[in-house]
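Peer 1: can't give you the sequence, but here's the structure:
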């Protein structure tokens, strides 16, 4: 009874081609020289077909059946294997992987669009292949030649999958407390021993082999996070023997039942070092940043799905009379709830969040592409700094707004939202983890403010502000109200940043008290930028209907959503606000 | 592994005795002449013991097992029957019922405190007896003498339970679309036929009989909500024969698995009219208002539980070093997360919401007591108006803040919050329905602004403002900052109300666009009032530790939470903010 998912292909193409002008960017990246708008459109169309036709039907069943652990082997819910086989046959795992290792070498921007659609249709399933690109990038950057030659082609093809094994019972946000040990062997391999928890996809039945990227300690490791190394530990060794990787239990979770969240232990498991000794965290960060964008896309994917469902339900469900309506009605006939002001407000909020966050997330993916592949080195450096700045915002703001948005969409369904039937309550349960994993949203906020803003003297932030102010300048002639709003938000962000820069030495707790507000305020600025950029691009694009619609969306966002930024900036600036001890 | 629940008895006694001065109020209500602080304290202590010792252990099991439907009979999860028997043996169902019918005639204020504790320990279970008081009040006010004599003693003792049968597939928020028919019989009874959905506790195995209060239509009924009648339909008739009440299915829900949510149909079921023909909605409103307070208490009960759990977990979980700490630490030792600024902010937010909402909810219960039992008729009328005003706020603001608060508490647990182990994810799933049932939160906001404020010319609102401003006056000498804040919030509420009063005739959609903001703004005003009243009462009470603590809580609330009200008032006043068609 869940509403059918329609891949938002027109909207994606509009964002990619007209808002982000991606084809012009691809032309300046040698790796993407063969990628153009027509090819991208075809990739998106095929991706949408896979998501809506092959993946979507597995979602409710995956929630009901969940994963099972049977004699140490995880079984995924019915339909997951078949969907994965279709995914591999379609060449999707290889989409953004390096052609050197068998990938298609397409932009991460397109992979992000692919994953938005996959995540709209089945978050739990999408978590299995979701780490592929990050794992490939980590190994390509830090793996030995032998490891790359053995593992990368298997990952690029999807024949194997990867898992990221960081968390231990005592080491969650604080990875410095990781205890898993790695003992170097005479043959250059490692013997890995220790326990991990909350490891997504540490085992499953989708592929014959699974490689774990394990955070561990060498014997001579200094204490804390500066003593962590990264080891690759496969489930099966070259010769087909089972490695010392033992799955102890599956977690019983609020949602994502189809994703196997494993407690496991390594017992003299054979592994190989990835990157330099004691530099495991640095090697892992490549993967974690890819994973953070991926988690942000979970917020977006659920928002798109929830928006579609809420719009469809609100159009067909009739309750009460709306106060003012644009048409003649029969006396006594109830109106679609989509006509009631409170519901109209919710539905526009959902659209504004979804469409705005899509621009922000895809822009971040585009920046990562440019950071790696742009022909100009200084452009690459700027793109890298800006992508690093945006990543924690996409993760935390995207999942926060995603969760709030899905909850608002659930509310549109009334009692029907609380039962399994329409799938919306599953969305809320599935998505809730995204505010936690890959670094809690609180950790993201601290990363943004402490490391990415105060830590680099505001250089990356200046790039972002330049981009937003350039959009304001473009809007000035035709959309002056949007231009003014963008300038005002930029001024607020500048002012808050300057105050924190000047004041945090005297009060080192200040940024930590208000990091969440700083991230939220910056997130709203990005939304406003996205609404303005869409309205301006649509006005220039010549499609009158779209131009009017995007203008209305931007006006709505400015009037009904952007005012929330003010409270956050006010909280950031209230530097003397006490925060007593508990 | 869930943290043990500790009934907040000291806090409740402080609110009841010192903040609300309930003993003085009871002395002016003849019904409560024998109730005093010592007796109330004893009731609360016993209630806390039942909740924490008998009920709490059934909660996780109820979630895992859920209800089952077996040959038309609902079975509750293991332990529910035993807990209910203990509840009946303790005389709890009769707590606030009229002694004329076998009740104890205690204040609803104490029943509200009882239910806060029950709901902290098991929301699903508490929904079965949760309607008792409302059903008794409805029957006492509108039932025939014969019906009262037969049914009320059974309900007061808890030997029978009641269900409220309103919703039908096409009639949710719009009860005017109810189609269930009632055909009068020569003997004065009714034959009831029709289908209902989402009926909580329509069947279960806790009692031998269940009486349904069914919204239905007599043959000569006018269309819409003015043609609804209320019928009492028991599961078993006097002579022990099964009535025509057939349970068709149980809903599969996001949470509250232990509460039986039934789809059922009546087929020539025997019933009796309650109240006048076509006046069923009016009779039902007595019950629905009691139910709305009860639902608001669900937000409070979960908040209290989540706050306790988050505080306990944050004190024992050690991750990373906090930036500034009040004690000496060993090098390299991680700090309790309760020391980290972001977590301190969350934990204080939880305390401020919980303790503030408790004052607001218990004040509402006290007003209902005074509306019914105060010796002075004009006092009764004022209390009734004010209770009617507060009820939708307690329901919507209490459940909204409850849901947000439980989600914030879940975040404190990190990955451990997403698994069953600590019980916090169950809380989030259980509580989500409270934003929907007994009138969605959007419906509550419209009820508040359209009916309770604009509808009565602001008379009830003036009573509320007088009470808050009287508290501001009391705070002026010792707590001037709180006094100023209360005065400012009152001025904002007055200004917004005046603008809406003067402007809504020209723009009838305006109140409907901003009703949610109006309710949120008023809710924050009530929280500020509650924080101030607690700080002032504690300062007067002579307990220096409590005085300092409540002062800190009020300061925190003003600095970190109250600024959110401004955005809502700004949104209310932005009368030209467009809300386009979807």
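Peer 2: Nice, I can see it. From a predicted model like this one, the values you see are computed outputs, not experimental measurements.
Peer 1: next secondary structure element downstream of whatever helix or strand residue A:194 lives in?
Peer 2: Element membership for residue A:194 (DSSP states H and E) is strand A:190-200. Going down the chain from strand A:190-200, the next helix or strand is strand A:209-216, by DSSP H and E.
Peer 1: and that next one, what other elements does it pack with?
Peer 2: Under the contact criterion of 3 or more C-beta pairs under 8 Å, 6 or more residues apart in numbering or on different chains; DSSP states H and E, strand A:209-216 touches helix A:132-142, helix A:145-157, strand A:160-165, strand A:181-184, strand A:190-200, strand A:229-234, strand A:261-274, helix A:280-316. For the C-beta atoms, the positions are set from N, CA and C on the backbone; glycine is no exception.
Peer 1: partner strands of the strand holding residue A:194, with direction?
Peer 2: Here strand A:190-200 is paired, per DSSP bridges, with strand A:181-184 (antiparallel), strand A:261-274 (antiparallel).
Peer 1: how is chain A carved up into domains?
Peer 2: Domain segmentation of chain A under automatic domain parsing yields A:9-139, A:161-279, A:440-577.
Peer 1: okay, the ones you listed in TSV with mean pLDDT next?
Peer 2: Shown next, in TSV, are the domains of chain A (pLDDT from 0 to 100):
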stretch	mean pLDDT
domain A:9-139	96
domain A:161-279	97
domain A:440-577	96
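Peer 1: of all those, which lies closest to residue A:372?
Peer 2: domain A:9-139 (7.8 Å; C-beta to C-beta).
Peer 1: end to end, how far does that closest one reach?
Peer 2: Using C-alpha to C-alpha, to the nearest Å, one end of domain A:9-139 lies 32 Å from the other.
Peer 1: and what of stretch A:76-84?
Peer 2: With C-alpha to C-alpha, one end of stretch A:76-84 sits 11 Å from the other.
Peer 1: spatially nearest residue to the residue in the stretch 101-250 of chain A that chain B sits nearest to (excluding sequence neighbours)?
Peer 2: Proximity of the stretch 101-250 of chain A to chain B (C-beta to the nearest C-beta) peaks at residue A:174, 3.9 Å away. Distances taken as C-beta to C-beta, 6 or more residues apart in numbering or on different chains put residue B:319 closest to residue A:174, at 3.9 Å, once the chain neighbours are dropped.
Peer 1: return the residues in contact with the one you found.
Peer 2: A:172, A:173, A:174, A:177, B:334, B:335, B:337, B:340 (C-beta atoms under 8 Å, 6 or more residues apart in numbering or on different chains).
Peer 1: try residue A:415
Peer 2: Taking C-beta under 8 Å, 6+ apart, one finds B:167, B:172, B:197, B:198, B:433, B:436, B:437 in contact with residue A:415.
Peer 1: can you tell me which of those end up in strands?
Peer 2: B:197, B:198 (DSSP state E).
Peer 1: which parts of the stretch 51-200 of chain A sit against chain B?
Peer 2: Contact residues (C-beta under 8 Å from any C-beta of the partner chain) of the stretch 51-200 of chain A with chain B: A:167, A:170, A:172, A:173, A:174, A:176, A:177, A:197, A:198.
Peer 1: tell me how many other residues crowd the second one.
Peer 2: By the other C-beta atoms under 10 Å in any protein chain shown criterion, the neighbourhood of residue A:170 contains 15 residues.
Peer 1: ok, it to residue A:296 distance?
Peer 2: 28 Å (C-beta to C-beta, to the nearest Å).
Peer 1: and for the fifth one?
Peer 2: Residue A:174 sits 23 Å away from residue A:296, going by C-beta to C-beta.
Peer 1: of these two, which one has the most company?
Peer 2: residue A:296 (31 against 19).
Peer 1: contact partners for that one?
Peer 2: So residue A:296 contacts A:357, A:361, A:364, A:391, A:394, A:395, A:396, A:397, A:398, A:399 (C-beta under 8 Å, 6+ apart).
Peer 1: what would these look like in JSON lines with neighbour count?
Peer 2: Output for the contacts of residue A:296, formatted as JSON lines (neighbours: other C-beta atoms under 10 Å in any protein chain shown):
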{"residue": "A:357", "neighbour count": "28"}
{"residue": "A:361", "neighbour count": "30"}
{"residue": "A:364", "neighbour count": "29"}
{"residue": "A:391", "neighbour count": "25"}
{"residue": "A:394", "neighbour count": "29"}
{"residue": "A:395", "neighbour count": "36"}
{"residue": "A:396", "neighbour count": "30"}
{"residue": "A:397", "neighbour count": "28"}
{"residue": "A:398", "neighbour count": "31"}
{"residue": "A:399", "neighbour count": "30"}
